[in-house]
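J.: Provided below for reference: sequence and predicted model.
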Amino acid sequence: MDISAPPSKRARKSPQLDEDITGIRAILSDEFDEDIALIKAHSCQLETKQQLQAVIQELSQKLPHFQHLKRVQDRSVLICPSSEIGVTESLEQHLEQFAFSEHVLRALCQGVRVVEVPERMPRLRVQYEKTLKHWPCKFHPNHYSESLRNGSNFSSAQRAFHKRMGQLLVRLSQDVNANRPVGICVDPRLSSIVSIAGTGEVCKPHEHCCMMLVDFVARSQEGGATQTEVVFTEDSKEETTLRGIPKAYYDYLMSNADYKNLTFGAEKSRECKEVNVVQGADNLAKFGPYLCTGYDVYLLQEPCLMCSMALVHSRAKRVFFVKNSDNGALATRFQLHSVRELNHHYEVFQFTTEENEDLT
Ligand SMILES: [Zn+2]
């Protein structure tokens, strides 16, 4: 027995991962997370402020660089990235080809020095503040991005619900699915569980938990393609359907007092003529269930590329996961959700636990 580890470290290895889920963090693309790279630029120092107008006017026409930066700081003016100037040429030789008027050219060649400036515009205030010590840049704060970063995008009730789903994943995996991965799909309008799926003991190569989940959601819409031995829950209500929830999970949850107040069931597919025209409503409210449109997906394991793409194709609204996967495509290997070229984008969140707290 290893007695060198302090009790708190050993306790962490206990199966109580559900209690370790302490928070939720948004996985934003690198352009939000990384410090902004610096590039070298040539600058000059004007003798008087009166020179400023003529210099800036010609510079912005002939060398329209640095759209994301303020071109002037006190009397220092940014001329061009240093990389534009040839190894064997001087600044003056470089500028000659742009036919500046003589007095501007003279001004540009005074007090020349190389400075470091941010390569691009910051996306978050924290990045903006770091850039300020180098050179003033432009910044258009985005309230929603800031709220994702600082966690204020969720109300405390929403946050509690998401955390509960994260904890539920761990419980279901341990108690019902022999510690194999589990996923839950929720209709956030009703805080209702639409579908649950887990990786089977024996499964075909494509039958990952997330693929099964998407397929079981399709079952709730009278679709679904996978041949499975799984027994699904019978419907008991008119308005919603339990057909996407395997009976083993449903029975476990119904028999456990901790889960008495959970809501189950998906809105049933609507006939085409039943389209609800509500001003400003999203597609789920307007057209009813279609694949995972408007739905939240909770996964014990970060999904692989195939599964992450399946969530794109099925139009999931948000994806939450607990544990990183070696082949994970949302945080570990890629950030699939930040690929602009895709025709659908979901938001991604990871539950923070004692083990990955340093990520926050
Ligand atoms: Zn997968």
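T.: Perfect, I can see it now.

J.: quick one, helices of the stretch 151-300 of the chain?
T.: Secondary structure of the stretch 151-300 of the chain (DSSP state H, counting those that start in this stretch): helices located at 156-175, 209-220, 247-254, 283-287.

J.: so of these, which one's packed in deepest?
T.: Of the helices of the stretch 151-300 of the chain, the one with the most neighbours on average (mean count of other CB atoms under 10 Å) is helix 209-220, at a mean of 25. C-beta: built from backbone N, CA, C; applies to glycine.

J.: low-confidence ranges in the stretch 201-350 of the chain?
T.: The model of the stretch 201-350 of the chain has pLDDT under 70 over residues 271-281, 286-288.

J.: sorry, back to before: nearest to Val87, out of the helices of the stretch 151-300 of the chain?
T.: Evaluated over the helices of the stretch 151-300 of the chain, closeness to Val87 peaks at helix 209-220, with 52.4 Å, by CB to CB.

J.: wait, Ala41 sits on Pro118?
T.: No. Counting by CB atoms under 8 Å, Ala41 sits too far from Pro118 to count as a contact (10.1 Å).

J.: overlap in contacts, these two.
T.: Common neighbours of Ala41 and Pro118, using CB atoms under 8 Å, 6 or more residues apart in numbering, are Trp135.

J.: which one of those two has more residues nearby?
T.: For Ala41 versus Pro118, the count of surrounding residues by other CB atoms under 10 Å is larger for Pro118: 24 against 21.

J.: need phi/psi at the more buried one.
T.: Backbone geometry at Pro118, expressed as degrees, to the nearest 10, gives phi -60, psi 140.

J.: who touches it in this structure?
T.: 36-39, 68-69, 131, 134-135, 137.

J.: only the buried subset of these, as a PyMOL command please.
T.: With 16 or more other CB atoms under 10 Å as the criterion, this PyMOL line picks the buried residues out of the contacts of Pro118:
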select buried, resi 36+68+69+131+135+137
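
J.: so which of the contacts of Pro118 belong to helices?
T.: Thr131 (DSSP state H).

J.: would you list the contacts of Pro118 in JSON lines and tack on distance to Asn150?
T.: Formatted as JSON lines, the contacts of Pro118 follow (distance: CB to CB, whole Å):
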{"residue": "Ile36", "distance to Asn150": "19"}
{"residue": "Ala37", "distance to Asn150": "24"}
{"residue": "Leu38", "distance to Asn150": "25"}
{"residue": "Ile39", "distance to Asn150": "29"}
{"residue": "His68", "distance to Asn150": "24"}
{"residue": "Leu69", "distance to Asn150": "26"}
{"residue": "Thr131", "distance to Asn150": "19"}
{"residue": "His134", "distance to Asn150": "24"}
{"residue": "Trp135", "distance to Asn150": "26"}
{"residue": "Cys137", "distance to Asn150": "21"}
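
J.: spell out which parts of the stretch 151-300 of the chain neighbour the ion.
T.: For the stretch 151-300 of the chain, the contact set with the ion under CB under 5 Å from the ion comprises His208.

J.: how about 6 Å then?
T.: Proximity of the stretch 151-300 of the chain to the ion, by CB under 6 Å from the ion, involves residues 208, 210.

J.: quick one: the strands in the stretch 151-300 of the chain, in order.
T.: Along the stretch 151-300 of the chain, the segments classed as strands by DSSP state E, counting those that start in this stretch run 182-187, 192-198, 240-241, 263-264, 266-267, 296-301.

J.: redo these as CSV? Include mean neighbour count.
T.: Shown next, in CSV, are the strands of the stretch 151-300 of the chain (neighbours: other CB atoms under 10 Å):
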stretch, mean neighbour count
strand 182-187, 26
strand 192-198, 27
strand 240-241, 22
strand 263-264, 17
strand 266-267, 22
strand 296-301, 26
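
J.: now render the ones you listed as JSON lines, adding distance to Gln57.
T.: JSON lines is the format used below for those (distance: least, CB to CB, whole Å):
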{"stretch": "strand 182-187", "distance to Gln57": "58"}
{"stretch": "strand 192-198", "distance to Gln57": "61"}
{"stretch": "strand 240-241", "distance to Gln57": "66"}
{"stretch": "strand 263-264", "distance to Gln57": "64"}
{"stretch": "strand 266-267", "distance to Gln57": "61"}
{"stretch": "strand 296-301", "distance to Gln57": "53"}
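
J.: closest to Tyr250 out of those?
T.: Comparing the strands of the stretch 151-300 of the chain under CB to CB, the one sitting nearest is strand 263-264, at 6.9 Å.
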